[in-house]
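*Asks:* Sequence plus the predicted model coming up.
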Amino acid sequence: MADIKSAKARSKNMAAIHSKDTKAEIVLRKALWHKGYRYRKNVNSLPGKPDIVLAKYRICIFVDSEFFHGKGFNDGYQSRKYTSLREQLEHSNHPGFWLEKIQNNMSHDLKVNAELKGKGWKVLRFWSKDVLGDTGRCVQTIEEAVLDSKLE
């Protein structure tokens, strides 16, 4: 099925999707900075290029978008029409492309988690809407991980 948007409109839409420095990442980084945590961002030398790295505590933090990282892929999806993200993608204009894309992203996330853990890093992943909706809770989870690393 053909794209319903013009090439120019599609390009503008896709250009608006950020892979780094998203609103949720910036909100979480500012909250951590305010609490006195110093971090590095988008560290190329680590698997998956974590969004935030607390090197002192060996903690890697990812802020994942719900769609591209498959939140509700099999169930628990919040839609009036579909029960899962998979079901919605199956009814999209390009189901083969989107199903493969999201499944590959989910698989890649699991691989990155395993690689980082194998190198002695603790991995924390947050959904962007959770960060924006309750930043304090996300910071609390990070602080608990910092405390755990101090006790090890």
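*Replies:* Sure, I can see it.
*Asks:* so who does the residue nearest the centre of the chain touch?
*Replies:* The centroid of the chain falls nearest to D64 when counting by C-alpha atoms, centre = their mean (1.1 Å). For D64, the contact set (C-beta atoms under 8 Å, 6 or more residues apart in numbering) comprises 71, 109, 125-128. Just so you know, the C-beta spots here come from the backbone N, C-alpha and C atoms, and that holds for glycine as well.
*Asks:* Look up phi and psi at it.
*Replies:* Dihedral pair for D64: phi -100, psi 140, per degrees, to the nearest 10.
*Asks:* What distance do you get for it to L151?
*Replies:* The gap separating D64 from L151 is 27 Å, by C-beta to C-beta, to the nearest Å.
*Asks:* got it, and W98?
*Replies:* Taken as C-beta to C-beta, the span from W98 to L151 is 43 Å.
*Asks:* Of the contacts of D64, just the buried ones, ChimeraX syntax please.
*Replies:* This is the ChimeraX syntax for the buried subset of the contacts of D64, where burial follows 16 or more other C-beta atoms under 10 Å:
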select :71,109,125,126,127,128
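*Asks:* Looking at the contacts of D64, which is nearest E143?
*Replies:* F126 (13.5 Å; C-beta to C-beta).
*Asks:* so that closest one bridges to which residues?
*Replies:* V63 (DSSP bridges).
*Asks:* Below-threshold pLDDT in this structure: ranges please.
*Replies:* 1-5, 9-19 (pLDDT under 70).
*Asks:* Start from the N-terminal end of it and give the helices.
*Replies:* 7-15, 23-34, 85-90, 95-118, 128-133, 135-151 (DSSP state H).
*Asks:* Next, the buried residues of the longest one.
*Replies:* Within helix 95-118, the residues scored as buried using 16+ other C-beta under 10 Å are 98-99, 102, 105-106, 109, 112-113, 116.
*Asks:* C-alpha coordinates for it, CSV please?
*Replies:* The C-alpha coordinates for helix 95-118 follow below in CSV (Å, rounded to 0.1, in the frame of the first residue of the first chain):
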residue,chain,number,x,y,z
PRO,A,95,3.0,-4.9,8.6
GLY,A,96,6.1,-6.9,7.5
PHE,A,97,8.4,-3.9,7.9
TRP,A,98,7.1,-2.8,11.2
LEU,A,99,6.8,-6.2,12.8
GLU,A,100,10.4,-7.0,11.8
LYS,A,101,11.7,-3.6,12.9
ILE,A,102,10.1,-3.7,16.4
GLN,A,103,11.0,-7.4,17.0
ASN,A,104,14.6,-6.7,15.9
ASN,A,105,14.7,-3.7,18.3
MET,A,106,13.4,-5.8,21.2
SER,A,107,15.9,-8.6,20.4
HIS,A,108,18.8,-6.0,20.2
ASP,A,109,17.8,-4.6,23.6
LEU,A,110,18.0,-8.0,25.2
LYS,A,111,21.4,-8.7,23.6
VAL,A,112,22.7,-5.3,24.8
ASN,A,113,21.5,-6.0,28.3
ALA,A,114,23.3,-9.3,28.4
GLU,A,115,26.5,-7.9,27.0
LEU,A,116,26.6,-5.0,29.5
LYS,A,117,25.8,-7.4,32.4
GLY,A,118,28.5,-9.7,31.2
